[in-house]
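1. pasting the structure only:
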């Protein structure tokens with residue numbers, strides 16, 4: 001798979017140059033199948049957005065594109081919320097204290113494995129609706145170990161950019177409000193290996209059912225066809241964390 005090397009810094013500048021379409025915020029969706037690399041892309045873009053608002057090079061002595069990637073809590077026994085499964089991830093709250101970007105993970109709003117697509121009403125009511133009105137959204141983060149939502153609300157401030165990361169984040173229902181729609185892809189075998197390494201082999205039946213639902217949804221929704229930017233989540237092209245590999249995109253100008 002060939003592609004073009006592009007920088008997160010330039011992408012961040014393009015996003016910030018556009019008008020807000022959801023209240024005071026620009027909504028960016030990072031979609032794609034499980035294990036493709038969505039969380040990493042979203043984290044690096046969020047970090048580049050923060051750096052773009054300070055200096056072009058970011059804070060001295062830092063890599064502005066490194067960003068927070070998915071945290072494998074199952075491999076960290078020191079964390080109290082370790083789960084043998086979809087344990088969760090490090091989620092920058094953003095917005096508060098002048099933050100430029102906040103990241104919302106759709107997995108945090110799912111009420112278990114069977115809520116893969118039907119969580120959207122919860123997202124609309126608790127997050128997108130308030131953001132449209134210029135108010136902070138709130139949601140409760142699902143605890144995949146306890147199989148229930150946690151008690152503490154997560155505040156989603158109306159930052160200049162809100163990055164919505166996860167399966168179906170760029171679905172047709174929200175496309176008119178998106179400042180940028182990203183679709184991340186990777187080979188199916190590699191994606192399964194990544195997911196099993198992250199979530200544990202015991203959850204393979206859930207993962208395989210999840211992947212079947214993804215395939216059906218993406219075909220019906222034509223998510224990749226409508227994406228502004230299609231990214232290779234397993235590129236063979238040598239590059240550093242300040243760059244990503246673009247392999248397509250419908251509308252985002254080259």
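-> Structure received. As the structure is a computational prediction, the values presented were derived from the model and not from experiment.
2. Buried ones in the least confident helix or strand in the chain by mean pLDDT, by neighbour count?
-> Every helix and strand of the chain was ranked by mean pLDDT, DSSP states H and E. The lowest is helix 188-199, at a mean of 86. Neighbour-count burial for helix 188-199 flags 191-192, 194-195, 198-199 (criterion: 16 or more other Cβ atoms under 10 Å). Quick note: C-beta positions are derived from backbone N, CA and C, even for glycine.
3. Mind checking what helix or strand follows that helix in sequence?
-> Beyond helix 188-199 on the C-terminal side, the first helix or strand identified by DSSP states H and E is helix 204-221.
4. burial of residue 202, as a residue count?
-> Using other Cβ atoms under 10 Å, residue 202 has 10 neighbouring residues.
5. Give the buried residues for the helix or strand containing residue 121.
-> For residue 121, the host element (DSSP H and E) is helix 120-123. By neighbour count with 16+ other Cβ under 10 Å, helix 120-123 contains the buried residues 120, 122-123.
6. just stretch 22-40 next, same as before
-> 22-23, 25-40.
7. pretty sure residue 175 contacts residue 181?
-> Yes: contact between residue 175 and residue 181 holds when scored by Cβ atoms under 8 Å: they sit 6.7 Å apart.
8. between those two, which one's more packed in?
-> residue 181 (27 against 15).
9. ok so the more buried one is a helix residue?
-> No: assessed by DSSP: H, G, I helix; E, B strand; the rest coil, residue 181 does not belong to a helix; its assignment is strand.
10. Could you check how far it is from residue 148?
-> According to Cβ to Cβ, to the nearest Å, residue 181 stands 32 Å off from residue 148.
11. In the stretch 151-254 of the chain, where is pLDDT below threshold?
-> The stretch 151-254 of the chain contains residues with pLDDT under 70 at 250-254.
12. Count the neighbours of residue 107 for me.
-> For residue 107, using other Cβ under 10 Å, the count is 22.
13. right, and it touches residue 139 too?
-> No: in this structure, residue 107 is not within contact of residue 139 by Cβ under 8 Å, at 11.7 Å.
14. Give the full set of residues in contact with the residue most central in space within the chain.
-> The centroid of the chain falls nearest to residue 165 when counting by Cα atoms, centre = their mean (2.0 Å). Neighbouring residues of residue 165 by Cβ atoms under 8 Å, 6 or more residues apart in numbering: 29-30, 38-39, 41-42, 103-106.
15. Phi and psi next, for the nearest residue to it once chain neighbours are set aside.
-> Closest residue in space to residue 165, ignoring its immediate chain neighbours: residue 42 at 3.9 Å, by Cβ to Cβ, 6 or more residues apart in numbering. Taking degrees, to the nearest 10, you get phi -60, psi -40 for the backbone angles of residue 42.
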